[in-house]
Structures are given as C-alpha cells and as structure tokens.
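Peer 1: Build me a structure from this.
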Amino acid sequence: MSSSILTNIQNQLSLYGYPICLILGNIGNIFIVMVFIRQRQNACTIYILTSAIMSDLYVNFNGFVQLFPFYYRDETPFEFFLCKMRPYLTNILGQLGNTMLILASIDRYMISHRNATIRSLSTPKRAKWLIFFAIIFWLINCIHIPIMQTIINGRCTTYGIYTTIFSIYSIIFVGLIPPTLLIIFGSLTYHNMKKRHIRIQPISNNINDQHISIQRRDKDLFIIVLCEALLYIITTTLFPLMLLESMISQYIIINKSVQHLQIESFLFSIVFILLLLNSSLPFYIYLIGSKSFRRDFKQLFIDGYQKLKRQQIVQIALRI
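Peer 2: Residues are numbered from 1 along each chain as shown. A predicted model of the protein is given here:
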C-alpha cells in the first residue's frame with residue numbers, strides 16, 4: 001500500500017472517526033447515567049455511573065484534542081501549561097474509567113461469593129470511598145506526565161529515556177493489569193454464579209420474590225460488566241502491541257524509513273480511534289448484551305412520555 005493511500009485513509013479516519021465517536025459517546029454515556037440513576041443504588045451501579053461520567057469526559061476532551069490540534073510555535077508559558085495538562089488529564093480520565101470497570105468486576109465477584117463476610121464488603125458507602133481514593137491515586141500516579149512532557153521543535157512530546165519509560169508505564173497500566181484483572185474476576189464471578197445457581201419458581205411470598213429480584217439484578221449487572229470488559233479487551237489490545245513495536249524498533253532501527261514512520265502513524269491513528277470507541281460504545285454493548293438493560297431503557301422513554309402527558313393534562317386543566 002502506497003504512502004499516499006495510507007495518508008488519505010488516516011485523514012479520513014480523523015475527519016469522520018472522531019466526530020462519530022463524540023456523537024456516539026455523548027448519547028450513549030448520557031443514557032447510561034439516565035438509566036442507572038433511576039435504579040436502587042448499590043456498589044456496582046455506582047461504579048458504572050462513575051465510569052460513564054469519566055468515559056464521557058474522556059471522549060469529549062480527547063476527541064476535541066484530536067479534532068482541533070494545537071500547534072506549539074511560540075513556546076509561551078501558556079503553551080507549556082497546555083502541553084503538560086492535555087496528556088495529564090487524558091490519562092487520568094482514561095485510567096479512572098478503567099479503574100471503575102475493574103472495581104465493578106471485583107464487586108460482582110464479592111456479591112456472588114458464598115461467604116457472607118465477603119458479600120458484606122460490597123456497600124455503596126465503601127464504593128464511594130474507593131472512587132475517592134482512585135481519583136487521588138491517579139492524580140498522583142500520573143504526575144510524572146506533566147513533569148516530563150515538554151515542547152520540542154514545535155511539538156508537545158517526551159524525550160530521552162522517559163519515552164521508553166512512558167511506553168512501559170502505558171503497557172503495564174493499560175495493556176497488562178486491567179485485562180488481567182478483568183479476566184481473573186470475571187472468571188471467578190462466573191464460577192461463583194454457577195455454584196450458586198438457583199432454580200427460580202413462581203412463589204407468592206413477598207420476601208422470597210424480593211430475594212429472587214435481587215439475584216436477577218446481580219446476574220444482569222454481571223452481564224453488563226462482562227460485556228464492557230470484553231469491549232475493553234478488544235479495543236485496547238492493539239495499543240500495547242503498537243507501543244511495544246515502537247519502543248523496540250527505535251533501538252533496532254536507527255533511522256526509520258519514511259514509509260515505516262507513515263505505517264506507524266497510520267496504525268496509531270487506528271489505536272486512538274479504538275481507545276475512543278472503548279469509551280463510546282458501552283451503552284450500545286449493554287443494549288445488545290443485556291435484556292434487563294433494554295427493558296430499563298424502554299421504561300425510561302415510557303416514563304418520560306407519561307410524565308409529559310401528565311404535564312399536558314395539567315396545563316389543559318389550568319386553562320379551563
């Protein structure tokens with residue numbers, strides 16, 4: 001494939017890919033918040049809500065940065081500040097979204113466990129504290145980014161050995177730890193649910209009905225978390241591979257050819273689109289994978305229509 005074709009495809013990806021991700025992400029994440037905020041709050045729904053908010057911020061901030069690139073020509077204090085803050089905030093928002101997904105997966109494992117003590121660890125109060133500590137952790141853990149990021153020849157970039165260190169950091173915290181934890185706790189939760197499988201039969205006791213409803217809700221939330229975990233693994237797999245290739249090739253190939261650099265640039269553009277899709281598509285994955293989420297989403301519109309209808313009736317009555 002010629003360099004001109006690659007460049008043209010890359011330009012088309014930037015022209016259409018980022019706006020599509022922005023539109024899908026904003027619509028989807030807002031609907032996730034609207035659906036889950038109506039439900040009885042437990043630890044898992046709090047994590048999902050927080051993840052949707054962080055994902056929406058990530059999609060908007062990162063999408064805006066990609067659509068409207070800033071050129072650092074004058075190297076003013078403001079440009080240095082912007083150069084340091086953009087990757088810092090992008091990393092924090094992305095990592096917080098990943099962390100919420102991991103916490104939701106761990107929560108599903110705890111709630112499905114036979115041990116009552118482990119199940120009792122899943123509480124809304126504890127979830128809020130964990131979210132608070134996660135925010136503090138990533139604010140501190142990502143502080144190396146604004147320290148080492150700088151402007152070189154009109155480009156906001158890293159330099160020297162830190163470029164390799166940052167690649168290793170990204171591989172570990174994006175491509176290694178999250179998918180490993182998601183696979184481990186997803187498998188453990190599935191194993192727990194198989195062991196705790198209960199045949200649900202029609203009964204009239206209200207307490208038992210409530211207990212069955214809770215079990216069904218736990219299973220539905222597990223399906224939702226599992227769907228998002230699969231989406232994460234699919235959309236982020238290429239990112240650490242590309243970082244690894246770029247990191248190794250810079251030591252093996254002293255002077256990369258123009259074609260090699262263009263191919264790398266093209267593949268990285270695909271990687272960035274996939275990372276945005278990871279934050280843009282959860283709502284649509286929920287719709288496909290979870291029957292209960294489809295029902296709740298449908299009920300959202302039914303309730304909205306009924307509320308609008310009642311308001312119209314009240315307005316007509318007041319006029320009379």
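Peer 1: can you tell me how far the closest residue to residue 39 other than its chain neighbours sits from residue 54?
Peer 2: Nearest non-adjacent residue to residue 39, counting by C-beta to C-beta, 6 or more residues apart in numbering: residue 45, 5.8 Å away. Bear in mind the C-beta positions are built from the backbone N, C-alpha and C, glycine included. To residue 54, residue 45 is 15 Å away according to C-beta to C-beta, to the nearest Å.
Peer 1: one step back: and the residue nearest to residue 39, that one's in a helix?
Peer 2: Yes: counting by DSSP: H, G, I helix; E, B strand; the rest coil, residue 45 is found in a helix.
Peer 1: next structured bit after the helix or strand of the chain at the bottom of the mean pLDDT ranking?
Peer 2: The weakest-scoring helix or strand in the chain, judged by mean pLDDT, DSSP states H and E, is helix 206-236 (a mean of 76). Downstream of helix 206-236, the next assigned helix or strand under DSSP states H and E is helix 238-252.
Peer 1: what does that next one rub up against?
Peer 2: Residues outside helix 238-252 that contact it (C-beta atoms under 8 Å, 6 or more residues apart in numbering): 163-164, 167-168, 170-171, 174-176, 256, 260, 264, 267-268, 270-271, 274-275.
Peer 1: Of residue 45 and residue 54, which one has the most company?
Peer 2: Between residue 45 and residue 54, counted using other C-beta atoms under 10 Å, the more crowded position is residue 54 (25 against 22).
Peer 1: for residue 228, what are its contacts?
Peer 2: Counting by C-beta under 8 Å, 6+ apart, residue 228 has contacts 51, 101, 104, 282, 285, 286.
Peer 1: Now render these as CSV, adding pLDDT.
Peer 2: Formatted as CSV, these follow (pLDDT from 0 to 100):
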residue, pLDDT
51, 96
101, 96
104, 95
282, 95
285, 94
286, 94
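Peer 1: can you pull out the strands in the stretch 51-200 of the chain?
Peer 2: 150-152, 155-157 (DSSP state E, counting those that start in this stretch).
Peer 1: Show me what the first one packs onto, helices and strands only.
Peer 2: Spelled out, it's strand 150-152. Contact partners of strand 150-152 among helices and strands, from 3 or more C-beta pairs under 8 Å, 6 or more residues apart in numbering; DSSP states H and E: helix 77-111, strand 155-157.
Peer 1: Now with 7 Å, please.
Peer 2: helix 77-111 (3 or more C-beta pairs under 7 Å, 6 or more residues apart in numbering; DSSP states H and E).
Peer 1: buried sites along the helix it packs on?
Peer 2: By neighbour count on 16 or more other C-beta atoms under 10 Å, the buried set for helix 77-111 is 79-80, 83-84, 86-111.
Peer 1: again, but for stretch 17-34
Peer 2: Buried residues in stretch 17-34, counting neighbours by 16+ other C-beta under 10 Å, are found at 17, 18, 21, 22, 24, 25, 28, 29, 31, 32, 33.
Peer 1: In helices only, show me those residues.
Peer 2: Judged by DSSP state H, the buried residues of stretch 17-34 include 18, 21, 22, 24, 25, 28, 29, 31, 32, 33 as members of helices.
Peer 1: Can you pull out the low-pLDDT segments for the stretch 101-250 of the chain?
Peer 2: 196-215 (pLDDT under 70).
Peer 1: cutoff 90 now
Peer 2: 112-116, 119, 150-161, 163, 190-222, 245-250 (pLDDT under 90).
Peer 1: care to break this protein down by domain?
Peer 2: 3-196+205-289, 296-320 (automatic domain parsing).
Peer 1: Most tightly packed of those?
Peer 2: Comparing the domains of the chain by mean neighbour count (mean count of other C-beta atoms under 10 Å), domain 3-196+205-289 comes out on top with a mean of 17.
Peer 1: one step back: farthest pair within the contacts of residue 228?
Peer 2: Farthest pair in these (C-beta to C-beta) is 104 and 285. Separation: 13.8 Å.
Peer 1: quick one: the residue lying closest to residue 155 once chain neighbours are set aside from residue 80, how far?
Peer 2: Spatial nearest neighbour of residue 155, excluding adjacent residues (C-beta to C-beta, 6+ apart): residue 72 at 6.8 Å. According to C-beta to C-beta, residue 72 and residue 80 sit 8 Å apart.
Peer 1: just residue 96 next, same as before
Peer 2: For residue 96 relative to residue 80 (C-beta to C-beta), the value is 25 Å.
Peer 1: Perfect, I'm done here.
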